[in-house]
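Q: Can you look at this prediction? I've put the sequence above it.
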Amino acid sequence: MIDCLSPAWVYLLGALGLPLVRKYRAAYLLSIPVVAGLVWFLLPFGNHHMYEFMGQHIVMTRVDKLSRLFGLVFVIASFCGVVYGLHEKERTGLWMGAFFYVGGAMSVVFAGDLITLFIFSEVMAFSSLLLISFEKTNSALSAGFRYILVHIFSGVCMVGGIAIHASQTGNVAFNGLGVSDLGGQLVLIGFLVNAAVPPLSAWLSDAYPEATIVGAVFCSAFTTKTAVYCLMRGYAGTDILIWMGVIMALYGVVYAVLENDIRRLLSYHIISQVGYMVAGVGMGTEMALNGSGAHAFTHILYKGLLFMGTGAVIHVTGKRKLTELGGVYKFMPITMTLYMIGGFSISAFPLFSGFVSKSMVVAAAEHAHLLPVYLLLTLASAGTFLHTGLKLPFYTFFYQDWRGEHLKEAPTNMLVAMAIMSAFCIGIGMFPQPLYSLLPHPVHFEPYSAWHVVSSLQVLMFTGLGFYVLLKMLTPDVGVSMDTEWFYRKGGYFIGRQVTSGIVYLDSLTNNFYLRGFTAVKWISKMSHWVDANIVDKVVNDVAKFFMALSEYARRMQPGLVRSYAFTMALAFVLLAGYYLWGGK
Amino acid sequence: MRGTGDKMKPDKLILSVLEMLKKRGMKLFYISLAALVAVDVFVPKTEPEFTGHTWVGFYAFYGFISCVLIIVISKALGKLFLFKKEDFYD
């Protein structure tokens, strides 16, 4: 049964063991992803850890090229995340949350059946809540509350869909699920929420900016990419996803223009980049799916790097808004450079990782003759470079001189983590073949053709020109953008007001009723009392008086002389005897 | 660790690169823009999938227009209703 270990167990057991570890915490924390990586390397292909449960066939660990790809990038990202957060190694709760989260993500990615998928999706939701709420500010706690509500909703959709699907097909195998039946549709909705597809995406831009600095790095990598994996596994080729992906890509980019909070800007970019992956899943061709997988891989690494960079800025300066930053490069030049490597990667500059992954998805659209998709995704790419590669770093690191006190570069562990991620971004960008060999389908895409390099650089450099020309329009403003969370924040507030005013009204009605009714009750009780005193009691008294008089009378009837008693007894005997002998024939 | 100042230490290196970029950055930028459009004439275009693909400077133009469009449309949407004051929800 247990013929191999699963990387997921390393994280889950590591989380459980953490409270027992007092000394050498850093070594313990670092060893978990390392051991998990080793386990990953030794994982044999195929289905493992299978057993029967409630009449269903459970496959806890299903290893094929797709799940193994995600497993590897999770190991890398979690290792760098641990390095990044070493300065907070004493926060046991935070790290337990992080390792349960990664372990849950691993379990979902390696799940061969829907039940395992669901259980560990819930584990992921609740453990990532810790990563958000442990920031302990009021906004973090309330954002965490909304976050978990949304994820409970997605979990309910998932479990309902799974139940319907299982009852119709008779099994819970996690492979392609169609959207033709309600079960498949519900599970899709659950995955879409977790992948932050608008309009169900507000949880991401709401919660990630409020999360702990270390936690946000983990969150950016796992929930959405696990959902992308689920979509790739379950819904490849579902056409509606193509347009959802394109809308996502544009949606994220439009909102990002308005953003002032640096991590909220990056959160909208997560939505934008995941849009490419979702569109690739929708297209369903081998190149498109390869592109989605490759893009998920590179995205985890460069998005993690970007969150690390901005997290470092927040850690050092205490500021998170573009309007309050500027001139940071003078004392954080290394952070700035490493951030820019992430920025160039997300923008798909040649020699960086995004170039070999994002362009695969876009090229797949071109090859599938989906011209509007191709053009719109290219447009979104320009937008991505505009914000993440130009606007954010310009207003954070440059623009104006830093007006606060003299500060230092970020702690060394953060810099080391960012450096490792950067190395991957550049390494994959320059040598994509190792990544390509891990992709689920054979790769026939050649990113470094002369034409591809030139056309990509044209788009990017002329976007830069546009940035320079319209610089005045891009000055950040103080404010927040309104997203679909409006519905359950303000909307909920209004509904709550209506409901409470309705309740207040009903309450006043019942109060009136009670007051009037109470008067009636008082009257009734007065009446009963009168009836009781004047009628009932009277009768009782009169009956009692009657019996007392009767007993007085009866008492006087008895003389008490023995002679009388004897005569009465003899007379009674003669009469009785006579009745027996002559009366009853 | 932060004792002797050294030209090769990473942050000093970066700062000196930035200094150089400040002086000559814009020139380099414009030269690269021109070069990219020029190269467009000579580069072999693989499998043109649609008409605009082969026009010289198409992608340059597209990049610039995309950038302008995104900024203008997003700002407009923001002014209209998306952008709220900070304490909107409180």
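A: Cool, got the structure.
Q: contacts, neighbours, all on C-alpha from now
A: Noted.
Q: mind listing what's buried in stretch A:120-139?
A: Residues of stretch A:120-139 classed as buried by neighbour count (16 or more other Cα atoms under 10 Å in any protein chain shown): A:120-135, A:139.
Q: how far does that stretch sit from the chain's center?
A: Stretch A:120-139 has its average C-alpha position 8 Å from the chain's average C-alpha position, going by Cα atoms, centre = their mean, to the nearest Å.
Q: Now the phi/psi pair for residue A:48, please.
A: Backbone torsions for residue A:48, taken as degrees, to the nearest 10, come to phi -130, psi 170.
Q: oh sorry, the question was meant for residue A:56
A: In this entry, residue A:56 is assigned phi and psi values of phi -110, psi 150 (degrees, to the nearest 10).
Q: any idea how far it is from residue A:123?
A: Remark: distance between residue A:56 and residue A:123 (Cα to Cα, to the nearest Å) = 21 Å.
Q: tell me which element residue A:497 falls in.
A: In this assignment (DSSP states H and E), residue A:497 forms part of helix A:485-531.
Q: What's the local residue count around the closest residue to residue A:125 other than its chain neighbours?
A: Distances taken as Cα to Cα, 6 or more residues apart in numbering or on different chains place residue A:151 nearest to residue A:125, at 6.2 Å, with adjacent residues excluded. The local packing count at residue A:151 equals 21, with neighbours defined by other Cα atoms under 10 Å in any protein chain shown.
Q: what about residue A:151, which SS state?
A: Residue A:151 falls in the helix class when you classify it by DSSP: H, G, I helix; E, B strand; the rest coil.
Q: who are the neighbours in contact with it?
A: Taking Cα atoms under 8 Å, 6 or more residues apart in numbering or on different chains, we find residue A:151 in contact with A:125, A:193-194.
Q: repeat for residue A:544
A: The contact partners of residue A:544, by Cα under 8 Å, 6+ apart, come to none.
Q: quick one: it from residue A:552, how far?
A: From residue A:544 to residue A:552 the distance is 12 Å (Cα to Cα).
Q: and what of residue A:447?
A: When residue A:447 is compared with residue A:552 (using Cα to Cα), they lie 125 Å apart.
Q: When the two are compared, which one has more neighbours?
A: Neighbours around residue A:447 and residue A:552, counted as other Cα under 10 Å, are more numerous at residue A:447. The numbers are 18 against 11.
Q: Would you agree that one falls within a helix?
A: No: secondary structure assignment places residue A:447 outside any helix; it is coil (three-state DSSP).
Q: Report whether the expected contact of it with residue A:355 is present.
A: Yes: Residue A:447 is in contact with residue A:355 according to Cα atoms under 8 Å; the separation is 7.3 Å.
Q: so how far is chain B from residue A:289?
A: Distance of residue A:289 to chain B, computed by Cα to the nearest Cα, to the nearest Å: 20 Å.
Q: ok, now residue A:169?
A: Using Cα to the nearest Cα, one obtains 42 Å as the distance from residue A:169 to chain B.
Q: returning to what we had before: want to try TSV for the contacts of residue A:151, with secondary structure and distance to residue A:473 as columns?
A: Listed next are the contacts of residue A:151 as TSV, based on DSSP: H, G, I helix; E, B strand; the rest coil; distance: Cα to Cα, whole Å:
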residue	secondary structure	distance to residue A:473
A:125	helix	39
A:193	helix	33
A:194	helix	34
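Q: And the pLDDT at residue 36?
A: Since you didn't name a chain, this refers to chain A. Listed pLDDT for residue A:36 reads 96.
Q: should've been chain B
A: With respect to pLDDT, residue B:36 has a value of 89.
Q: Enumerate every residue touching it.
A: For residue B:36, the set of contacting residues under the criterion of Cα under 8 Å, 6+ apart consists of A:454, A:457-458.
Q: Looking at the residues you listed, spot the one nearest residue A:340.
A: Using Cα to Cα, residue A:457 comes nearest to residue A:340 of those, at 16.4 Å.
Q: that's a strand at the closest one, yeah?
A: No: with three-state DSSP as the criterion, residue A:457 is assigned helix and is not in a strand.
Q: Quick check: closest non-adjacent residue to it.
A: The shortest distance from residue A:457 to any residue other than its chain neighbours is 7.0 Å, reached at residue A:349 (Cα to Cα, 6+ apart).
Q: wait, doesn't the one you found sit right on residue A:459?
A: No: with contact defined as Cα under 8 Å, residue A:349 and residue A:459 do not form a contacting pair (10.0 Å).
Q: more neighbours, those two?
A: For residue A:349 versus residue A:459, the count of surrounding residues by other Cα under 10 Å is larger for residue A:459: 29 against 22.
Q: What sits closest to the more buried one if chain neighbours are left out?
A: Across the structure, with Cα to Cα, 6+ apart as the measure, the residue nearest residue A:459 apart from its sequence neighbours is residue B:63 (4.0 Å).
Q: Equivalent analysis for residue A:414, please.
A: Using Cα to Cα, 6+ apart, the closest residue to residue A:414 is residue A:84 (4.3 Å).
Q: any idea how far that neighbour is from chain B?
A: Relative to chain B, residue A:84 is positioned 19 Å away (Cα to the nearest Cα).
Q: and residue A:350, what helix or strand is that in?
A: In this structure, residue A:350 sits in neither a helix nor a strand according to DSSP H and E.
Q: That's all I had, so thanks and see you.
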